[in-house]
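Novice: for reference, the sequence and a predicted model appear below.
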Number of protein chains: 2
Amino acid sequence: MLKKERQAYILHQVHLHNKVLSSLLSQEIRVSEDTIRRDLQELAEEGKIIKVHGGALSHSFNEVHYPADNVYSQDHKKIIAHKAAALIQNDMFVLTSGGTTIIELARALPRQLKATFMSGSIPAILEYMQHPNIDVIMIGDRISKNSKITIGAEAISKIKQINADLCFLGINAIDLKHGTTDNDWEVVQLKKAMIQSARKTVCLTISEKINTLQPIHICDVQQIDVLITELPPDDPRLRPYIDLGIQVL
Amino acid sequence: MLKKERQAYILHQVHLHNKVLSSLLSQEIRVSEDTIRRDLQELAEEGKIIKVHGGALSHSFNEVHYPADNVYSQDHKKIIAHKAAALIQNDMFVLTSGGTTIIELARALPRQLKATFMSGSIPAILEYMQHPNIDVIMIGDRISKNSKITIGAEAISKIKQINADLCFLGINAIDLKHGTTDNDWEVVQLKKAMIQSARKTVCLTISEKINTLQPIHICDVQQIDVLITELPPDDPRLRPYIDLGIQVL
DNA sequence: TATGATGCTGCAGAAACCTGCAAGGCGGGT
DNA sequence: ACCCGCCTTGCAGGTTTCTGCAGCATCATA
């Protein structure tokens, strides 16, 4: 096999699988690993692939880099926030969790909206406070420095005393079989309490998190009333949830 | 799985869920936790994530910024703050009000101080949260947008359940005859409750406010244990308070 | 304060890498 | 046919990187 041929083959493989291993290629093409390495090096110098220890990666692999000071998928979250904000009517009592999606919701609230918001999330509370016509209620308890929300029995018992019209949860993972799940025990407890205390539960999530799983169970899919993603409601990925009777926006 | 691949996966997970645990990642990717830790460390050095004990956090999540406005008489308040901070010992339970002087106190706390701080003031809470060894407890209730603290019966009843070692009050007016006074009814109620719930009451104020009067009464001078101003304790303006048995710093 | 989880450091084996070299192929010129 | 220069390839060796492990330090939380 000629050198050019070989390199074309390698390039093809990289584009196909997004990655190649020197060891595998050397077996496939029956040349020494050194030769493969030299090929990869040349291709990398031409900018066609990215060489790494052990093989090479497709360039598209590394392109997705996230701006440091911006929230991941912020555009998507803004779309979600606007859809969610439309659900809130005057004089409603709204419970919310924390998270970047909820922050976007707080920012998306219309200025003339007159409602009561209750949350244990400090960043969320700071946003709600910006709105002149919104009553803000902070849930008190010990503060978790990582998640910047109040956690603990006191917070949960306060939530349970509430009868909210709506409850907005930013969720980290949702799955048909396991429902919504998360990875922080304390946060899960809070979210569970919120679901119980609200007439209607609205879950906000970017589509990437649909059909993913985290270790701790929050609630089943059936307990969700409304699911909001950045996708149009007729997207096929949302179909199973609609079939279960969930309102998808 | 290649190292870069792994790190790209981790980065994606962090952006998606705001938080990852080394233990979980190690199970998912089937490598030792050491390897995960090294990956997290590298990503953290590149500034892409924030490493914490047990895992890592998304960077965007942790940026709670609060406008650092220009504080009136900030230098004086810093002096007061340092005097006040010296009163706090390890394992104390401390109640504080809000106000710019209290914010300075929060900033002046030594980094290794290990204590519990309870407050209803959001700016104060944000400052306390910066300290790794301080437990922070938020008092919950309705939020007053002007004073950025929680106010109401719920907050007061929570404070009354507490037995604090110390209570720091930033005060707006103090006068030999009328004691400490203020102009916000709700805030006064909170401060009254704090005084009742603490073994020792410490008042912080710049000297300008000494011998001034506000409409609503908080407490008599006799109820104050310690008075801290930016002045040296032997300043003649403080003499009458010393004569009343108040410890002046 | 004790205890288990997590983190750090140094080490060791394996894999990958780099460098230099020699063998072999190929084409052009003599 | 032979020589020569150039390229390619494989190999030997020494170096670097990666990874897991062990032992001890540190943290978090009851």
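Specialist: Good, I have the coordinates. Numbering: from 1, shown residues only, chains lettered A, B, ... in the order given.
Novice: switch to C-alpha atoms for all contacts and neighbour counts from now on
Specialist: OK.
Novice: which ones are touching the residue of chain A found nearest chain B?
Specialist: Going by Cα to the nearest Cα, chain B is nearest to A:Gly140 of chain A, at 3.5 Å. Going by Cα atoms under 8 Å, 6 or more residues apart in numbering or on different chains, A:Gly140 touches A:Gly120, A:Thr150, A:Glu154, A:Ala155, B:Ile137, B:Met138, B:Ile139, B:Gly140, B:Asp141.
Novice: what about the first one, how many residues nearby?
Specialist: With neighbours defined by other Cα atoms under 10 Å in any protein chain shown, the count for A:Gly120 comes to 27.
Novice: residue contacts, the closest residue to it other than its chain neighbours?
Specialist: Computed as Cα to Cα, 6 or more residues apart in numbering or on different chains, the closest residue to A:Gly120 that is not its neighbour in sequence is A:Ile139, at 4.7 Å. By Cα under 8 Å, 6+ apart, the contact set of A:Ile139 is A:Met118, A:Ser119, A:Gly120, A:Thr150, A:Ala155, A:Lys158, A:Ile159, B:Met138, B:Ile139, B:Gly140, B:Asp141.
Novice: so which of those residues belong to strands?
Specialist: Mapping the contacts of A:Ile139 onto strands (DSSP state E) picks out A:Met118, A:Ser119, A:Thr150, B:Met138, B:Asp141.
Novice: save these as TSV, and put in pLDDT too.
Specialist: TSV is the format used below for the ones in strands among the contacts of A:Ile139 (pLDDT from 0 to 100):
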residue	pLDDT
A:Met118	95
A:Ser119	94
A:Thr150	90
B:Met138	92
B:Asp141	93
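Novice: tell me the two of those that are most distant?
Specialist: Greatest spatial distance in the ones in strands among the contacts of A:Ile139: A:Met118 and B:Met138, 14.0 Å, computed using Cα to Cα.
Novice: counting neighbours, what do you get for the closest residue to A:Ala85 other than its chain neighbours?
Specialist: Nearest residue to A:Ala85 in three dimensions, chain neighbours excluded: A:Leu109, at 5.7 Å (Cα to Cα, 6+ apart). Around A:Leu109 there are 20 other residues, counting by other Cα under 10 Å.
Novice: quick check: A:Leu109 touching A:Lys83?
Specialist: No: assessed by Cα atoms under 8 Å, A:Leu109 is found out of contact with A:Lys83, at 10.3 Å.
Novice: residues in chain A within reach of chain B, list them.
Specialist: A:52-55, A:62, A:68-72, A:99-100, A:122-123, A:129, A:135-143, A:145-146, A:150, A:172, A:208-209 (Cα under 8 Å from any Cα of the partner chain).
Novice: what's the PyMOL syntax to select whichever of those residues are buried?
Specialist: To isolate the buried ones among the residues of chain A next to chain B in PyMOL, judged by 16 or more other Cα atoms under 10 Å in any protein chain shown, type:
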select buried, chain A and resi 52+55+71+72+99+100+122+123+129+135+136+137+138+139+140+141+142+143+145+150+172+209
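Novice: okay but A:Trp185 is in contact with A:Gln214, surely?
Specialist: No: counting by Cα under 8 Å, A:Trp185 does not reach A:Gln214; the two are 11.1 Å apart.
Novice: neighbour-wise, which of those two wins?
Specialist: Neighbour totals were compared for A:Trp185 and A:Gln214, and A:Gln214 leads with 18 against 13 (other Cα under 10 Å).
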